[in-house]
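>>> build me a model from this:
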Amino acid sequence: MMDRDLFKELINKPEGRFIDFKASIYDFSVNSSKKGADFIKDILSFANTVRDSSAYIIFGIKEDDNKCVNLIGLDSFPDDSILQQKSNSKIYPVPYFLSYSFKYDEKLFGIIEFPVHHYDRPLIAIEKGLKGLDVDKIYVRNGSSNAEASFTQIQELTNWLNSLKSKRYLNSRESEIDSLIADFANTVNKLSELFSRCYRLRHLIKDDSFNSFIESELFGLKSGVLEESDFYNYRLIRTPVTPYEITIQQFGRRNADQMIDYLFDHDKFREVDVLFSKSISEIESIIEDLKLQPKLLVLSEPYKNVFPEITSNIENASMYYGPQMMNNLYLIIRRVALKLLKAVNN
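Predicted coordinates for the structure are as follows:
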């Protein structure tokens, strides 16, 4: 992944076979035959280019006529899952790349990184109608542009891909996991982005338990998981629950976390261990939302789900969550991911 030193090194290099600068992100909104074609051609060309290290596309950089780079930055950058989805169905074999945002000198940049990766054959487009792209043609980087590969380039590419079956490539699984462990240990990194990286490494991390954990965190826990296994006990949160509709308009002198303690002591609430099943991206959104103003997250659940042992005419129960509860859950999920990654790497 990117760091400040590497970013500075890359932006001081000229565009070429291994690096490309773009002022803005791809326009996927244009309703034409060219929609997404530039993006697909870039993915094909960079992935098919012979190299010894990662190649990069960096967004938010504009070159002037004298080839000097201007760091203009971006307002936003698409989530990795969006770019993966837009490429997976149009390219064969499925391409392997990382996409993420990066801040440098208070400006936001987007990055698509192409690690050295083994494929059984060169990548090709498999969807017709992409303007400027021919199905079954092989594209590579030719200088600072994309071009159809020559016969000699195809031979060179095929030999390179075959060479990646060697020990150096086989060790890449270990190095990828080592990199993930380091990134999970850094609490600055968002878990949603790290779990997306893990999801793309399913073919390398061939561990059913770990991959099930990743899918659950990315897409949310399915109902009944506790009945199937106690693995997800780390997702249980002791929560104040009530069948009454209570509106909390003011906390008085209490902050949100102190208000949770107050609810635990209130005779209209019960302490219940509730499985928090939302996805990791939803948890991140909740944490950010609770930072903005002093309030509690209130979720409604069918009463029989919360109190299966009690027969009642009450339809729903309300569960209250504070910021510290969410922060603790987020930290626990990070620790579980680290523990599982270390186990997979042994």
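
>>> tell me where the stretch 151-300 of the chain has helices.
151-163, 167-170, 172-185, 191-200, 208-219, 225-228, 256-265, 280-292 (DSSP state H, counting those that start in this stretch).

>>> contact partners of the fourth one?
To tie it back to what came earlier, the one meant is helix 191-200. 79-81, 84, 96, 98, 100, 180, 183-184, 205, 210, 214-215, 217-218, 280-281, 284, 330, 333-334, 337 (CB atoms under 8 Å, 6 or more residues apart in numbering). Just so you know, the C-beta spots here come from the backbone N, C-alpha and C atoms, and that holds for glycine as well.

>>> may I see the helices of the stretch 151-300 of the chain organised as CSV, with distance to Arg17 and mean pLDDT added?
Below are those laid out as CSV (distance: least, CB to CB, whole Å; pLDDT from 0 to 100):
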stretch, distance to Arg17, mean pLDDT
helix 151-163, 11, 94
helix 167-170, 20, 48
helix 172-185, 21, 81
helix 191-200, 24, 87
helix 208-219, 33, 90
helix 225-228, 47, 72
helix 256-265, 53, 90
helix 280-292, 35, 91
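
>>> and of those, who's closest to Asp38?
helix 151-163 (20.8 Å; CB to CB).

>>> what residue ranges in this protein score low on pLDDT?
1, 30-35, 166-173, 203, 247-252, 308-312 (pLDDT under 70).

>>> give me the domain ranges for it.
Here the domain assignment for the chain is 4-165, 171-346, based on automatic domain parsing.

>>> now the angle from the lengthiest helix in the chain to helix 208-219?
When the chain is parsed with DSSP state H, its longest helix is helix 323-345. On the basis of axes from the mean of the first three to the mean of the last three CA atoms, to 10 degrees, helix 323-345 is oriented at 150 degrees to helix 208-219.

>>> list the contacts of helix 323-345.
Contacts of helix 323-345 (CB under 8 Å, 6+ apart): 174, 177-178, 180-181, 184-185, 187, 191, 194-195, 198, 205, 207, 209-210, 213, 217, 234-235, 237, 239, 256-257, 260, 276, 280, 283-284, 286-287, 290-291, 297.

>>> swap in stretch 296-315?
241, 243, 248, 256, 259-260, 272, 274, 286, 289-290, 316-322, 326.

>>> can you rerun that using 6 Å?
Val241, Pro243, Ala256, Ile286, Asn316, Ala317, Ser318, Met319, Tyr320, Tyr321, Gly322 (CB atoms under 6 Å, 6 or more residues apart in numbering).

>>> buried stuff in it?
Neighbour-count burial for stretch 296-315 flags Leu296, Leu297, Leu299, Glu301, Tyr303, Val306, Phe307 (criterion: 16 or more other CB atoms under 10 Å).

>>> now, which of these sits nearest Glu9?
Closest to Glu9, out of all of the buried residues of stretch 296-315 and judged by CB to CB, is Leu297, at 42.7 Å.

>>> show me what that closest one is bridged to.
On the basis of DSSP bridges, Leu297 is bridged to Tyr321.

>>> please report how far it lies from Glu282.
11 Å (CB to CB, to the nearest Å).

>>> buried subset of the contacts of helix 323-345?
Using 16+ other CB under 10 Å as the burial test, the contacts of helix 323-345 include 177, 180, 184, 191, 194-195, 198, 205, 210, 213, 217, 235, 237, 239, 256-257, 260, 276, 280, 283-284, 286, 290, 297 as buried.

>>> of the contacts of stretch 296-315, keep whichever come out buried.
The buried subset of the contacts of stretch 296-315 - by 16+ other CB under 10 Å - is Val241, Pro243, Ala256, Ile286, Ala317, Ser318, Met319, Tyr320, Tyr321, Gly322.

>>> now, the most widely separated pair of the residues you listed?
Of all pairs drawn from the buried ones among the contacts of stretch 296-315, the widest gap by CB to CB lies between Pro243 and Ile286 and measures 23.0 Å.

>>> wait, which of the helices of the stretch 151-300 of the chain is closest to Asp75?
So among these, helix 280-292 is nearest, using CB to CB, at 17.7 Å.

>>> show me what the closest one is in contact with.
Contacts of helix 280-292 (CB under 6 Å, 6+ apart): Leu191, Ser192, Phe195, Glu217, Leu297, Pro323, Met326.

>>> of those, closest to Ile111?
The closest of the contacts of helix 280-292, once distances to Ile111 are taken by CB to CB, is Ser192, at 16.4 Å.

>>> could you find the closest non-adjacent residue to that closest one?
Spatial nearest neighbour of Ser192, chain neighbours left out: Ser281 (4.4 Å); criterion: CB to CB, 6 or more residues apart in numbering.

>>> what's the closest non-adjacent residue to Lys268?
Thr242 is the one closest to Lys268 (CB to CB, 6+ apart), at 5.3 Å.

>>> what's near enough to touch the one you found?
With CB under 6 Å, 6+ apart, Thr242 has these contacts: Lys268, Phe269, Ser318.

>>> tell me the angle the helix or strand hosting the last one makes with helix 280-292.
So the one you mean is Ser318. In this structure, Ser318 is located in strand 316-321 according to DSSP states H and E. Going by the same axes, to 10 degrees, strand 316-321 is angled at 70 degrees with respect to helix 280-292.
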